[in-house]
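Peer 1: need a 3D model of the sequence below.
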Amino acid sequence: MSTVLSQRGLNWLRALTGDAAEQPGYPASVRVVDATLGGQPARYIAVVPDAENRFPRARSGEVGLLEGWSLGRALDEVIEADRDAAVKRAVVAVVDVPSQAYGRREEALGIHQALAGAVDGYARARLAGHPVIALLVGKAMSGAFLAHGYQANRIVALRDPGVMVHAMGKESAARVTLRTVDELEAFAAKVPPMAYDLDSYASLGLLWETLSVAAIETPQGDDLARVQACLEQAQADIRSKGTDLRGRLGAANRAASQRVRELLRAQW
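Peer 2: Predicted coordinates:
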């Protein structure tokens, strides 16, 4: 029985960029489009399923070797092109990634380096003054989300049961913690960092905004306009407040993290 591959990332990328052409030279699993956001130049990036990917473990939208290095390249291009620009273009990461690619070849060929290159690219873009925004339209899981989206200045998520955030899938987390999936879900109801739903994730202070949409699979009309307006607001907010990530520590469930940082600074 064939698996239905999620097209959310690709659908939202195309909706947000209109008739703008995709940049050539990238693998089919990494789509890069230069368009606009709020009337200013912006680069949109999505990792999408590719049933013909030469690496079988990366055919369902996972972030693997090709994807990690290609994300790094897409960001390097932006940083270099805007090095002397007074206003740095925004980068919008459209996120629907189920996992990093697990496989012997991936491990042997250095997937840790490929994904680290992507993380480094996003971080350097952010620190160079590029507003980096992540739009979660589907799964944001595991090392894939760390490589594609987590370094954003602002994270925006669409409210839908198919939008989930976590360090690993439920089955994997159940095995690691020696629980059943049902036991894991009961535990997650009490411990927000173990949960998969957006409200629990938002309670950690990591989401800048959440939006409800009527048809997440087919972005258009009011849904598209609402998301575009939110991305424009995020861009303006970043330009006015700077490139750091300190806003993530304001939530009540991050009180311990704040205290640890205060003590480290005092001792340092």
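
Peer 1: if I pick the closest residue to Ala128 other than its chain neighbours, what's in contact with it?
Peer 2: Residue nearest to Ala128 in three dimensions, not counting chain neighbours: Ile79, with 5.5 Å by C-beta to C-beta, 6 or more residues apart in numbering. Bear in mind the C-beta positions are built from the backbone N, C-alpha and C, glycine included. Counting by C-beta atoms under 8 Å, 6 or more residues apart in numbering, Ile79 touches Gly121, Arg124, Ala125, Ala128, His130.

Peer 1: for Ile111, same thing?
Peer 2: Gly64, Leu65, Gly68, Gln100, Ala101.

Peer 1: may I have the phi/psi pair for it?
Peer 2: With angles defined as degrees, to the nearest 10, Ile111 sits at phi -60, psi -30.

Peer 1: next one: it from Phe55, what distance?
Peer 2: 10 Å (C-beta to C-beta, to the nearest Å).

Peer 1: joint contacts of the two?
Peer 2: Gly64, Leu65, Ala101.

Peer 1: ok, the second one touching Gly110?
Peer 2: Yes: shown here, Leu65 and Gly110 form a contact pair, counting by C-beta atoms under 8 Å, at 7.5 Å.

Peer 1: give me the more crowded residue out of these two.
Peer 2: Neighbours around Leu65 and Gly110, counted as other C-beta atoms under 10 Å, are more numerous at Leu65. The numbers are 23 against 14.

Peer 1: show me what the lengthiest strand in the chain packs onto, helices and strands only.
Peer 2: Counting residues, the longest strand found in the chain (DSSP state E) is strand 132-141. Judged by 3 or more C-beta pairs under 8 Å, 6 or more residues apart in numbering; DSSP states H and E, strand 132-141 is in contact with helix 8-17, strand 90-97, helix 111-127, strand 154-159, strand 164-166, helix 221-241.

Peer 1: after the fifth one, next one along is what?
Peer 2: Reading on from strand 164-166 to the C-terminus, the next helix or strand found by DSSP states H and E is helix 170-176.

Peer 1: now do the helix or strand just after that next one: everything it contacts.
Peer 2: Helices and strands here follow DSSP H and E; after helix 170-176, the next one along the chain is helix 181-188. For helix 181-188, the surrounding residues in contact (C-beta under 8 Å, 6+ apart) are Lys170, Glu171, Ala173, Ala174, Thr177, Arg179, Met194, Ala195, Tyr196, Ser200.

Peer 1: about what we covered before: out of the contacts of Ile79, who's nearest Asp50?
Peer 2: Checking the contacts of Ile79 against Asp50 with C-beta to C-beta, the nearest one is Gly121 at 20.4 Å.

Peer 1: can you report how many residues lie near the residue lying closest to the closest one once chain neighbours are set aside?
Peer 2: The spatially closest residue to Gly121, leaving aside those adjacent along the chain, is Leu75, at 3.2 Å (C-beta to C-beta, 6+ apart). When neighbours are counted by other C-beta under 10 Å, Leu75 registers 29.
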